[in-house]
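Undergrad: have a look at this fold, sequence not included:
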């Protein structure tokens, strides 16, 4: 558990990083993108500040994810994050990693262990989901399952939308994943709008 004194200093550090980010964004030419960094972006700081009473802390950049048709399939009902594309390999605790690496059966066709996680979507809605580790072909992925179809419906995701996924901790160390506001190719029109209440 994080001590309250540490929490106060962490908040000051977070505010300082937020100020630096704002200055960088103001100085950046219009139309250019920011390269991946470990500095939490403005939208993530807002999400974490909303959870201030729950001691939100420890933001980590997990992955920049382009959504594929398989991520939006209602039948597959999962968001896949290839482990070999992760930008941070330490967003899980040692205990969480050990749990997710437990597999049943030689062919990994048995029941999979999962973590209960809160996912905050681009509309700042919270969803209770599960994080699992699956093997697809020769590659391992972390996958978000359980209520993923509801997240798709709320946000009107489209193939080739890009989101950046961050993790942070809140409360007694519960894992939270946050999806950034979408970056959509110019061929797509409109912004995400909510169909959820």
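TA: Sure thing, it's come through. Just so it is clear, the model here is predicted, and its values are computed rather than measured.

Undergrad: so what touches stretch 85-103?
TA: 36, 38, 60-64, 110, 112-115, 131-133, 142, 167, 173, 175 (C-beta atoms under 8 Å, 6 or more residues apart in numbering). Where C-beta positions appear, they are placed from N, C-alpha and C, glycine not excepted.

Undergrad: if you set the cut-off to 10 Å instead, what comes out?
TA: 36-38, 58-66, 83, 109-115, 117, 131-135, 139-142, 164-169, 173, 175, 177 (C-beta atoms under 10 Å, 6 or more residues apart in numbering).

Undergrad: next, the buried residues of it.
TA: Within stretch 85-103, the residues that count as buried by 16 or more other C-beta atoms under 10 Å are 86, 87, 88, 91, 92, 96, 100, 103.

Undergrad: next: stretch 65-82.
TA: So, applying 16+ other C-beta under 10 Å, buried residues of stretch 65-82: 65, 67, 71, 72, 77, 78, 79, 80, 81.

Undergrad: then stretch 167-185?
TA: Neighbour counts using 16+ other C-beta under 10 Å place 167-170, 175-182, 184 of stretch 167-185 among the buried residues.

Undergrad: any regions of this structure where pLDDT drops low?
TA: 1-37, 52-53, 103-111, 185-197 (pLDDT under 70).

Undergrad: could you rerun that using 80?
TA: Within the chain, the segments meeting pLDDT under 80 span 1-38, 51-54, 102-112, 183-197.

Undergrad: could you pull out the strands for it?
TA: Along the chain, the segments classed as strands by DSSP state E run 57-66, 78-82, 114-120, 126-136, 139-145, 162-170, 174-179.

Undergrad: can I get the ones you listed in TSV including distance to residue 48?
TA: Formatted as TSV, those follow (distance: least, C-beta to C-beta, whole Å):
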stretch	distance to residue 48
strand 57-66	7
strand 78-82	20
strand 114-120	9
strand 126-136	13
strand 139-145	19
strand 162-170	6
strand 174-179	8
